[in-house]
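1. based on what follows, work out the 3D shape:
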Amino acid sequence: MTTIALLGNPNTGKTTLFNELTDKYAYVGNWEGVTVEKKFGQLHHSKTMVVDLPGIYSLTPLTKDEAVAINYLLNDTPDLILNVTNASQLRRNLLLSIELLESGCPVMLVLNMIDDLKRTGITYDLNELAKKLNCHIRVTNARNKRGIKALRADLSATSPSTYNHNPLKLNYPDHIQTAIYAMQQQLVTSYALPPHFASWLTIQFMNHNQSVRQYAVTHRLYPLLGQQKIYDDQHFEEQIFKTRLTFIEQTLKATTQYLHNQSANDLTSKIDRWVTHPLFGLPIFVGIFFLMFKISFDWIGPPLSNTLNMIISGPISTVSNHFLISIGTLHFLRSLIVNGIIAGVGGVLTFIPQIFILFACISILEDSGYMARAALVTDRLMQLIGLNGKAFIPLIIGFGCNVTGIMAARTIEQPKERFVTTLISPFMSCSARLPIYSLFVTAFFVHNQAAIVLSLYFLGITVALLMAKVYQHFFKIKEPSVFIIELPKYHLPRPDIIALGAWEKGKGFIKKSGTVIFGGTVLIWLLSNLGPSGIVTNIDASFSAMIGRLILPIFTPIGINSWQTISALMTGILAKEVISSSMIVLFHLSGQTGLVATFSSLFTPLSAYCLLVFILIYAPCFATLATIRSETHSTGWAIYSIISSTLIAYLIAFIIYQLGSLFL
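-> Below you'll find the predicted structure:
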């Protein structure tokens, strides 16, 4: 099967192009760190496999995701490399292009975002540029689907064997050229390596590429290993870099053409004067998120959720109950289906509108290019805790799911900073907590729903930052690494990308409703209807009541006085969404409305808020714990995360409740 590998710098539209070529949606964001591992898709109406690799600035890896790209090239041989570049940032993008063109693998250069280039007032002589780089060139604007149809047809109709296999050869200094040729001959003769690959491997080895040097160790390429000190002592890396820069400057000088419509007004620069301002940037960030929560929890979300709740707790529940009676279903089974599954799972599903609206808002911020600015304006704050703005990107991604947020930490160069980011990511308020937030803010904070939810999100951020400061001293992180991020031009968000983004982020919630939430609901229903003597008619004699009462004294100091709440919290370790369905089952309610009415006799606004704080911070779900174990390669750190987060959650909730009780 023919394989095409997509490679390019971050923020070149590579993943968007992947989606258009394959008709397969991958996570798209107009900011760095979207792709953290390989993604596979099939070229539209073709058997050709397309591989979307993480965005990299060079083949010399600094982060775990960058290592994915270079290791793919070392161990797999794609039939064609599609090098996706930002046409308006070609000077910087060509540094990676040169490394790919030197490999001898067929390369097609894609000048993406061509409209942004024209707005800068310049264009390129494509024929001359193709001759200079010794490769085929295509132009696209993946966001607006310009040039996609022609590119797709070109890739489907043309065999990669027709593309130029001859590597690009730069005029490196004579002593470097001599060293490359000598090593190439040894590798070809002694190890039967292809000449192009041997030459490229030598250049990468000279260029301090640690993945290539490890490859040389693994494959016992002793001629290369024996020359390492000589290459380093003669500073071959610096000379190679200078030669590449000179080539790029000469190439662009010979191919750049200036247009007459050059505009002095740059909308992106005008907006950035405010949103990245040292003083106004952070308040604007808070204001944008407050507006996002107002839309989700005050203006649009609640009416839709209430309508869905009326349908599930009304007609669906009633019709199902009558049908089960008509076919003679046992009372125990009928109660499980109607009062357990439909009431529990259905009660959680009523919050789908609010969750999807929130995800749509986040997708708008991502696709417009604002999220990169959010990382920039928080960089100064992150530096105070020994991290940098790049660490804030995984935290923001954690708003959707802590699992993907932790995986996104792979883009952080320094191992200690990456490790700390992994440990603090579970404090971010993921979407799984939204159903329980919605229940309580509807019951106790009708006029301040957005403000309460926003306070929880920022409390999670605050706890994460404070813990990062603790870890900075514990792991002896003396200074944060330098934060460099590309600020993409602002784009008008595409409706289809927003819709797909919201769906991709939210479909996991729906899947959980049919799996984890379903299983958790059935489990809690059984525990609440079974006791030591068998089936119980009084829930107070159930296993749930026994377990809840046993632990209840521990939670009384934070305002929790019902054993049902304790039992529901225990199921939250499976998945935080299960807490809502568990409460509906434990209180024998038909849905959201009944639960809200019951809360008034169990909680005060203060104790309700303390419960939300505890749910925000306490033990991560199983999926998050598994990811922590995978990323840290340690079960101990996963166990530590359970214990530490639960203790921190209890301490903060205790302080809020005890202090609040003095004034309320």
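2. what segments of this protein are strands?
-> 3-8, 39-42, 49-52, 80-86, 107-112, 122-124, 136-139, 256-258, 530-531, 534-535 (DSSP state E).
3. mind checking pLDDT for residue 573?
-> You'll see residue 573 listed with a pLDDT of 87.
4. was I right to think it contacts residue 619?
-> Yes - the pair residue 573 / residue 619 is scored as a contact, 5.3 Å apart, by C-beta atoms under 8 Å. Just so you know, the C-beta spots here come from the backbone N, C-alpha and C atoms, and that holds for glycine as well.
5. pull up the overlap in contacts between those two.
-> Common neighbours of residue 573 and residue 619 (criterion: C-beta atoms under 8 Å, 6 or more residues apart in numbering): residue 642.
6. quick revisit: the strands of the chain: which one's closest to residue 587?
-> Across the strands of the chain, residue 587 has its closest neighbour in strand 530-531 (17.3 Å, C-beta to C-beta).
7. what strands flank that closest one, and is each parallel or antiparallel?
-> strand 534-535 (antiparallel) (DSSP bridges).
8. ok, residues contacting the partner strand?
-> 332, 529.
9. again, but for stretch 45-52
-> Contacts for stretch 45-52 (C-beta under 8 Å, 6+ apart): 1-6, 14-15, 18, 21-22, 26, 35, 38-43, 72, 78, 155-156.
10. then that stretch to PDB, C-alphas only?
-> Extracted in PDB, the C-alpha atoms of stretch 45-52 (Å, rounded to 0.1, in the frame of the first residue of the first chain):
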ATOM      1  CA  HIS A  45     -11.400   7.300  -3.100                       C
ATOM      2  CA  SER A  46      -8.000   5.600  -3.000                       C
ATOM      3  CA  LYS A  47      -6.100   2.900  -1.100                       C
ATOM      4  CA  THR A  48      -3.300   5.300  -0.300                       C
ATOM      5  CA  MET A  49      -2.600   5.600   3.400                       C
ATOM      6  CA  VAL A  50      -2.000   9.100   4.800                       C
ATOM      7  CA  VAL A  51       0.000   9.600   8.000                       C
ATOM      8  CA  ASP A  52      -0.300  12.800   9.900                       C
END
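11. tell me the buried residues in it?
-> Neighbour counts over stretch 45-52 (16 or more other C-beta atoms under 10 Å) mark 46, 48-52 as buried.
12. list the contacts of residue 609.
-> 440, 444, 452, 656.
13. go on, residue 272?
-> 373, 487 are the contacts of residue 272 under C-beta under 8 Å, 6+ apart.
14. what's the answer for residue 402, then?
-> 425-426, 428, 430, 620-621, 624, 627.
15. distance of it from residue 622?
-> 11 Å (C-beta to C-beta, to the nearest Å).
16. about what we covered before: in helices, which of the contacts of residue 609 fall?
-> 440, 444, 452, 656 (DSSP state H).
17. wait, the third one sits on residue 445?
-> If I follow you right, that is residue 452. Yes - in terms of C-beta under 8 Å, residue 452 counts as a neighbour of residue 445; the distance is 4.6 Å.
18. hey, where'd the helices end up in the stretch 201-350 of the chain?
-> 210-218, 222-233, 236-255, 267-275, 281-294, 301-311, 317-326, 331-335, 343-349 (DSSP state H, counting those that start in this stretch).
19. between these, which one is closest to residue 496.
-> Comparing the helices of the stretch 201-350 of the chain by C-beta to C-beta, helix 281-294 comes nearest, at 20.4 Å.
20. and that closest one, what's buried?
-> Buried residues in helix 281-294 (16+ other C-beta under 10 Å): 281, 284-285, 289-290, 292-294.
21. repeat for stretch 224-232
-> 224, 227, 231.
22. avg pLDDT for that stretch?
-> Stretch 224-232 comes out at a mean pLDDT of 95.
23. with only the CA atoms kept, save it in PDB.
-> Listed next in PDB are the C-alpha coordinates belonging to stretch 224-232 (Å, rounded to 0.1, in the frame of the first residue of the first chain):
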ATOM      1  CA  LEU A 224      29.700   7.200  12.600                       C
ATOM      2  CA  LEU A 225      30.100   6.600  16.300                       C
ATOM      3  CA  GLY A 226      33.900   6.700  15.900                       C
ATOM      4  CA  GLN A 227      33.700  10.200  14.200                       C
ATOM      5  CA  GLN A 228      31.300  11.800  16.700                       C
ATOM      6  CA  LYS A 229      34.000  13.700  18.700                       C
ATOM      7  CA  ILE A 230      35.700  14.900  15.600                       C
ATOM      8  CA  TYR A 231      32.400  16.200  14.200                       C
ATOM      9  CA  ASP A 232      31.600  17.900  17.400                       C
END
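24. can you give me the offset of that stretch from its chain's centre?
-> 39 Å (C-alpha atoms, centre = their mean, to the nearest Å).
25. give me the helix or strand of this structure that scores worst on average pLDDT.
-> Between all helices and strands in the chain, the lowest mean by mean pLDDT, DSSP states H and E belongs to helix 592-602, at a mean of 72.
26. show me the domain layout of this protein.
-> According to automatic domain parsing, the chain comprises the domains 3-162, 174-258, 282-475+508-663.
27. reformat those as a markdown table; add distance to residue 275.
-> Formatted as a markdown table, the domains of the chain follow (distance: least, C-beta to C-beta, whole Å):
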| stretch | distance to residue 275 |
| --- | --- |
| domain 3-162 | 14 |
| domain 174-258 | 30 |
| domain 282-475+508-663 | 5 |
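28. closest one to residue 498 among the ones you listed?
-> Of the domains of the chain, the one closest to residue 498 (C-beta to C-beta) turns out to be domain 282-475+508-663, at 4.8 Å.
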